[in-house]
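Trainee: Pasting a predicted model and its sequence here:
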Amino acid sequence: MSFPLLGRWMVFFFLFAHAGVALAGDIQPGKQLVVEGVPQIPDSLAGVVGRYTKGRAADLLGWHPVRREILIATFFGDTPQIHRVKFPKGDRTQLTFFDDLTSRGVSYQPTRGDYFIFSKDQGGDQNYQIYRYDLPSGAITLLTDGRSKNSYGVWSRAGDRIVYGSTRRTGKDMDLYVMDPLHPEGDRRLAELEGGGWKALDWSPDDRRILVLEQISANESRLWLADATTGNRTLFTLPETTQVFYGDARFSRDGKGLYVITDRGSEFQRLGYFDLSTRAFRTVTGGLNWDVYEFALSPDGRTLAIVVNQDGMLALHLLDTRTSRDRPVKDLPGSVLELHWHRNGRDLGFTMDSARFPTDAYSLDVTTGKIERWTESETGGLDTQAFALPELVRWKGFDGQMLSGFLYRPPARFRGPRPVIMDIHGGPEAQFQPYFLGQNNYFLNELGVALLYPNIRGSSGYGKSFLKLDNGFLREDAYKDIGALLDWIRTDAAIDANRVMLTGVSYGGNVTLAASHLYPDRIRCAVDIVGPSNLVTFLEGTAGYRQDLRRVEYGDERDPKMREFLEGIAPVRHADRITKPLFVIQGQNDPIVPVSESEQMVARVRKNGTPVWYLKAMNEGHGFRSRENSDYLFYATVLFIRTYLLN
């Protein structure tokens, strides 16, 4: 399955339920799992697939500001936790020991590094709270109210304050707050804001102003400058004649300008520079005809590290801010993301993975070009160098629109046309990018099943016009892209077009359900993971801080014409046409796609007499994060594939 919303390393424990009385020798579901319709899973299955569930990954979280050591996220227990690594390939010392995933919003106090802050939710509810971890005592202090949703803390240059967003006032509006993490009792609201799309990005070098992003949609956003004392804010990006996207942005080190990712004047998201005094704008990466995915400015302001999305592969570039000379970092074997400069200005840390090695932490000495690997994650004893490499494929949509995706083929020892799993990413404003597939390699290597990851219209990475092709009344066009892909696979003699499984996470689950009723005679089965079954009830039920942003994408269900349209295309309204076996997975605490979306779908499809497996985790939200739960889900998915796709 694909995981653009959850982080690449989560592929190891999100992917891949059980009913009736378990017999001795059967795999037992965890106590938090509610399972319906799933046959008993024999214990022997774990022995067959077990090594594919034993892998790990390591995600770089940041540098210590004084010492040359890092924080990473990895897991040795049930969920990813924060670990410290003191030197390349050194021991991973676990620092946090929560039941919930604890690896978000992690950053050291930026001048001394005597403590760090991190964010954590509970049971997947996404109401993230900010905590302080004191070194060396290991004491952990809750800094926020324990109830609202809070964004990650952004440090002032002096390292004495953080600014963050919180919904505590209304439950839906993301106001700005300022706090000294050593004295959380002095927390104060800096600015009351309307809507859930606000985010603090950076402090000015003198700590007098805060750069704030207002996201209106995936295609439109604004930048504001807020006074760090009064909260008074000024719109910096003036209204345009067309929609303009502004993403991550940072003050230049001299405080005279802003670096920002934007599609202003371009189909693609480029890195640009604004002069603060004149608002004059120039493009920094005009020679790169791909989206800039991420950037980080060195402490001395002389080097920009830039990640460029080249048709789904994430390549690293270094750009001199004085000469504008671009220096691609060559010979990197994988995709790069999550850039972190050390305060020494020489070490650039990042996370990297590929189809043949898992996500791990690395650093680049930008002076000498030396690359060091800080972690070497286990792969369950598997020879990953034999794993399949992605093949970029293209096909025409129903209207002639060119589309693309990545196809992984099973080893040559599997003879004849191979069955295929078509995995549709979420978002919708996301993109499948080749990465280490983790346990999904079991389907390729042991079952001989091909894996196909399409980037249908509405995906990011292909320009802002392409991103809008599924908005509002165009939603069905994205569903039709799956029909065109089903046509295309018939042209590949190595794929068995009569054995196709659809699957997807979140919006990908919605597309999976829609394609299941639109093309029931062209698929064998489907797996829906936290997918909306009706965009009207989804929009009404999703968390309040998300509604406005989602209405721009899907359409406003409060408008009678749009409501009628969305009801007309809702998969749950066409459940009588879903006649092929369906596996539905859902978290009880999901604030994004309410549990009711899955349960109404399960109930309607069962009326057809169609086999429906249903798994609900009471301690999960928008995806499974507990290893116990995800391992059980993987075993069940293997059984589902063996039962309905292969037989």
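Mentor: Structure received. Residues are numbered from 1 along each chain as shown.
Trainee: number of nearby residues for Ile41?
Mentor: Per other Cβ atoms under 10 Å, the neighbour tally for Ile41 reads 21. In this view, the C-beta of every residue, glycine as well, is placed from N, C-alpha and C.
Trainee: and what of Arg188?
Mentor: Neighbours around Arg188, by other Cβ under 10 Å: 9.
Trainee: which residues touch it?
Mentor: 177-179 (Cβ atoms under 8 Å, 6 or more residues apart in numbering).
Trainee: Now do the phi/psi pair for Gly113.
Mentor: phi 70, psi 30 (degrees, to the nearest 10).
Trainee: all helices of the stretch 301-450 of the chain, in order?
Mentor: 441-445 (DSSP state H, counting those that start in this stretch).
Trainee: Please disregard the earlier target; I meant the chain.
Mentor: 11-14, 44-49, 441-445, 464-467, 475-489, 507-518, 535-541, 544-554, 560-569, 595-606, 627-640 (DSSP state H).
Trainee: In strands, which of the contacts of Arg188 appear?
Mentor: 177-179 (DSSP state E).
Trainee: Go through the residues you listed and say which is closest to Tyr545.
Mentor: Nearest to Tyr545 among the ones in strands among the contacts of Arg188: Tyr177, at 15.0 Å, using Cβ to Cβ.
Trainee: okay, now the closest one: neighbour count?
Mentor: Neighbourhood size, Tyr177 [other Cβ under 10 Å]: 23.
Trainee: And it, what's its pLDDT?
Mentor: You'll see Tyr177 listed with a pLDDT of 98.
Trainee: before we move on, what about Trp341?
Mentor: At Trp341, pLDDT is 98.
Trainee: Show me what counts as buried in stretch 198-215.
Mentor: 198-204, 207, 209-215 (16 or more other Cβ atoms under 10 Å).
Trainee: ok, of the residues you listed, which one's closest to Asp248?
Mentor: When the buried residues of stretch 198-215 are compared for distance to Asp248 (Cβ to Cβ), Leu201 wins out at 6.6 Å.
Trainee: I figured that closest one hits Val154, correct?
Mentor: Yes: between Leu201 and Val154 there is a contact at 6.8 Å, judged by Cβ atoms under 8 Å.
Trainee: nearest to Phe583, of the helices of the chain?
Mentor: helix 627-640 (5.0 Å).
Trainee: next one: the closest one to chain centre, how far?
Mentor: Here the centre of helix 627-640 is set off from its chain's centre by 21 Å, with Cα atoms, centre = their mean, to the nearest Å.
Trainee: Next: stretch 67-77.
Mentor: That offset, for stretch 67-77, works out to 20 Å (Cα atoms, centre = their mean).
Trainee: ok, now stretch 619-631?
Mentor: 15 Å.
Trainee: tell me the domain ranges of the protein?
Mentor: Split into domains by automatic domain parsing, the chain comes to 8-19+26-54+381-646, 57-142, 158-175+194-289, 299-377.
Trainee: Need the winner for burial among those domains.
Mentor: domain 8-19+26-54+381-646 (a mean of 20; mean count of other Cβ atoms under 10 Å).
Trainee: on that earlier part again, okay, the helices of the chain in TSV with distance to Arg279 next?
Mentor: Formatted as TSV, those follow (distance: least, Cβ to Cβ, whole Å):
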stretch	distance to Arg279
helix 11-14	42
helix 44-49	57
helix 441-445	50
helix 464-467	22
helix 475-489	37
helix 507-518	36
helix 535-541	36
helix 544-554	26
helix 560-569	36
helix 595-606	44
helix 627-640	48
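Trainee: okay if I get those helices as a markdown table plus distance to Thr102 and mean pLDDT?
Mentor: Compiled in a markdown table, the helices of the chain are given as follows (distance: least, Cβ to Cβ, whole Å; pLDDT from 0 to 100):
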| stretch | distance to Thr102 | mean pLDDT |
| --- | --- | --- |
| helix 11-14 | 14 | 38 |
| helix 44-49 | 27 | 84 |
| helix 441-445 | 27 | 95 |
| helix 464-467 | 33 | 92 |
| helix 475-489 | 35 | 97 |
| helix 507-518 | 26 | 97 |
| helix 535-541 | 28 | 95 |
| helix 544-554 | 22 | 90 |
| helix 560-569 | 37 | 97 |
| helix 595-606 | 24 | 96 |
| helix 627-640 | 14 | 92 |
